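[1] Could you look at this predicted model? Sequence included:
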Amino acid sequence: MTLGYNFQYLYLGRIMLCDLCGENEAVLYIEQSNGNTKRKLNLCFDCAKIHGVSPDSKTIGRSLAMLFDSILGRNKNVKPRQDDRLCPVCGISVNEITMTKTAGCPECYSIFKNEINDTFKKIGVLPPYKGTLPKRLKNFRSVLTDRIVIQAKLEESLKREDYEKAAVYRDYLKTLEKSPVAGGEV
Amino acid sequence: MAVSETNISSDAWYAFNGPENDVVLSTRVRFARNLANFPFPAKFKDDDAFRVQTLVFDSFSHCKEPDKYQGVITSELDDLGAKILEERGVLDSSSAKENGRGIIVRTDGKVSCEINNKDHVRLASFVPGLDGKAAFDQLAMLDDELQNSLQFAADYEMGYLTSNIYDCGSGMKVSCRLHLPSLSFSGKILALFTSFESKEIVVSDCFGAGNLPSSSLGFYYQVSTRTAGNGNELDQIASLVSAVKYLAENERRERSVVLRNRQTELRNRIYRSYSKVKFSSLVDLREAIEIISDIKWGKNLGFFSGISDSELCALLYRVQDGHLQFVLKSKKLNFPTDIAENKVLKTDYLRALILQEAFESIKIN
């Protein structure tokens, strides 16, 4: 991959809308070619100004790099970049899991199953695992998931000042937390 | 001064003989376990840490013989207590002060449980010598008992789920401490260790780096399994035990090679260590480990008799700073007046005395 950028500034004869605001007419056409990949961007004057893009700026390289980053960030809505996804249960990012080879909670293993399987491959582990398992495995997942869901419902009802409902959720949470074993037999 | 009274670990597991004791000091098995309904310790929220701690302590109190276990909240341990537990390989004291951390030790010291260190529960067991099966069995029994009241996180395909992906599967790490002086001295050790890389076996030093290139202090090495997801527990134990046996056989073979080719160097090194300790007043920890190592090497080469491998193994624990400071604190000992106020020198002085007393019965062949 080359680090240098080739930029071309062209004035476009026909009307094209700005890729950033989508409202004004684009007057700057920028193309970044980077090895085999090419990215094109159309900007209006206002957006170009906001992002500090002008043809004779000496810092053009840096500001364009930032601009491309922010555009790519926007495109995420269409095609999410995997690395930024978070585990809804513990909040760890999938990036952190693969970089540090550390998971944040038991649920990470099912939520990011593909990434974790890739990590297994990298460290030379080939599931399925063939050794012993806990005596009781059935339904254990639901306990953690329940807790998260109910916690969210509790917070939601507190926000809505629906204290009666909140009390019900709180009681339910308490009983869940008292049962470390799935099925609640202690 | 009766130094023999300073042996606070005469009944510890490492004071006993075990299989292949001339090379293998000890075998350790560790299970990483996590409660199914909590995030792992690094991602704890609110009072998760305390709730896990309470559940685990509670689970031990429901064991068959709860009186056999002693539990401590590690933040309440004094520095010396934490240091001794760390020297015995039971506690990682670096994060011991964090909230919710705990340690449970069976009264015979063979089995222990760390709470909320990376995983909710880390069970560990030690046996002297090379005996992976024995170390595993005594831990599996405890694991079974805990599972009566704790639900550990697991997946049908991936096994036990742990904070570190390397531990996922059996949650098990098997490791052995080895004394490999002849292979280190001849330099053959490097090629052997390199050949292990593809076999999922990791080698590290026990007490820090040594003076020879790519050797460890006192030639004591830790050999462990790298991952926990392949095969079943028996396969994993077998892969480590076979690697350790291979190393032990190579070490024994190498003894006669170095004895034949470099006997003068060996005699110089080993007898010099023996005389150094005989006439020392102050010995620091690094030096002590090297001396103990040389005496063990000399014993196995046939230079000495009158001391056992288990006594030499126990010395490695007895000369550690925490163990010595505990003795200084609990026993009334007389020191020369010029060092009576200096804690470091008093520790070095006591270390020298303990070594001299332990080596008293050594006979030169």
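    Received the coordinates, thanks. For clarity, every value in this text was computed on a predicted model and none was experimentally measured.

[2] Tell me where the stretch 251-365 of chain B has strands.
    In the stretch 251-365 of chain B, the strands defined using DSSP state E, counting those that start in this stretch lie at B:304-305, B:363-364.

[3] same thing with chain A?
    A:28-34, A:37-43 (DSSP state E).

[4] Kindly compare burial across the strands of the stretch 251-365 of chain B and name the winner.
    Each of the strands of the stretch 251-365 of chain B was scored by mean neighbour count; the highest is strand B:304-305, a mean of 17, by mean count of other C-beta atoms under 10 Å in any protein chain shown. Where C-beta positions appear, they are placed from N, C-alpha and C, glycine not excepted.

[5] tell me the average confidence for it?
    Across strand B:304-305, the average pLDDT comes to 94.

[6] just stretch B:204-219 next, same as before
    Mean per-residue pLDDT for stretch B:204-219: 84.

[7] what separates that stretch from the chain centre, distance-wise?
    Centroid separation between stretch B:204-219 and its chain, computed with C-alpha atoms, centre = their mean, to the nearest Å, is 15 Å.

[8] mind checking the end-to-end distance for it?
    11 Å (C-alpha to C-alpha, to the nearest Å).

[9] For that stretch, buried residues please.
    Going by neighbour count (16 or more other C-beta atoms under 10 Å in any protein chain shown), the buried part of stretch B:204-219 is B:205, B:206, B:207, B:210, B:215, B:216, B:217, B:218, B:219.

[10] Ok, stretch B:42-50 next?
    Per 16+ other C-beta under 10 Å, stretch B:42-50 contains these buried residues: B:42, B:43, B:44, B:48, B:49.

[11] Now do the contacts for residue B:232.
    Taking C-beta atoms under 8 Å, 6 or more residues apart in numbering or on different chains, we find residue B:232 in contact with A:129, A:130, A:131, A:132, B:170.

[12] Hmm, residue B:233 and the fourth one touching each other?
    When you say that, I think you mean residue A:132. Yes: Residue A:132 lies in contact with residue B:233 (C-beta atoms under 8 Å); the separation is 6.4 Å.

[13] Now residue B:273: closest residue in space that isn't a chain neighbour?
    Excluding its sequence neighbours, the residue lying closest to residue B:273 (C-beta to C-beta, 6 or more residues apart in numbering or on different chains) is residue B:294, at 3.7 Å.

[14] and that neighbour, what pLDDT?
    Residue B:294 carries a pLDDT value of 97.

[15] so who does it touch?
    Here residue B:294 is in contact with B:181, B:269, B:270, B:273, B:274 (criterion: C-beta under 8 Å, 6+ apart).

[16] related to what we said a few turns ago, out of the buried residues of stretch B:42-50, which are inside helices?
    Secondary structure from DSSP state H places B:48, B:49 of the buried residues of stretch B:42-50 in helices.

[17] Just name the closest of the buried residues of stretch B:42-50 to chain A, please.
    Chain A lies nearest to residue B:43 out of the buried residues of stretch B:42-50, by C-beta to the nearest C-beta, at 4.1 Å.

[18] what would the buried residues of stretch B:204-219 look like in a markdown table with secondary structure?
    Putting the buried residues of stretch B:204-219 into a markdown table (DSSP: H, G, I helix; E, B strand; the rest coil) gives the following:
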| residue | secondary structure |
| --- | --- |
| B:205 | strand |
| B:206 | coil |
| B:207 | coil |
| B:210 | coil |
| B:215 | coil |
| B:216 | strand |
| B:217 | helix |
| B:218 | helix |
| B:219 | helix |
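
[19] Can you add distance to residue B:97 and give the residues you listed back as JSON lines?
    Compiled in JSON lines, the buried residues of stretch B:204-219 are given as follows (distance: C-beta to C-beta, whole Å):
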{"residue": "B:205", "distance to residue B:97": "26"}
{"residue": "B:206", "distance to residue B:97": "25"}
{"residue": "B:207", "distance to residue B:97": "24"}
{"residue": "B:210", "distance to residue B:97": "31"}
{"residue": "B:215", "distance to residue B:97": "34"}
{"residue": "B:216", "distance to residue B:97": "29"}
{"residue": "B:217", "distance to residue B:97": "28"}
{"residue": "B:218", "distance to residue B:97": "30"}
{"residue": "B:219", "distance to residue B:97": "34"}
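
[20] List just the nearest of those to residue B:326.
    Comparing those against residue B:326 with C-beta to C-beta picks out residue B:207 as the nearest, at 19.2 Å.

[21] if you skip the residues just before and after it, what's nearest to that closest one?
    residue B:217 (4.4 Å).

[22] so what's that neighbour up against?
    By C-beta under 8 Å, 6+ apart, the contact list for residue B:217 reads B:205, B:206, B:207, B:208, B:209, B:210, B:211, B:286, B:289, B:290.

[23] Make TSV from the buried residues of stretch B:42-50 and add distance to chain A to it.
    Compiled in TSV, these are given as follows (distance: C-beta to the nearest C-beta, whole Å):
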residue	distance to chain A
B:42	7
B:43	4
B:44	9
B:48	10
B:49	14
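
[24] Can you tell me which of the buried residues of stretch B:42-50 is closest to residue A:147?
    residue B:48 (10.6 Å).

[25] shouldn't that closest one be in contact with residue B:35?
    No: Residue B:48 is not in contact with residue B:35 according to C-beta under 8 Å; the separation is 9.6 Å.

[26] so where is the stretch 1-150 of chain B shaky, pLDDT-wise?
    Along the stretch 1-150 of chain B, segments meeting pLDDT under 70 span B:1-10.

[27] so where do the strands sit in it?
    B:24-33, B:69-73, B:102-106, B:111-117, B:119-128.

[28] Any chance of the ones you listed in TSV with distance to chain A and mean neighbour count as columns?
    Shown next, in TSV, are the strands of the stretch 1-150 of chain B (distance: least, C-beta to the nearest C-beta, whole Å; neighbours: other C-beta atoms under 10 Å in any protein chain shown):
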stretch	distance to chain A	mean neighbour count
strand B:24-33	9	26
strand B:69-73	17	16
strand B:102-106	16	22
strand B:111-117	13	25
strand B:119-128	10	25
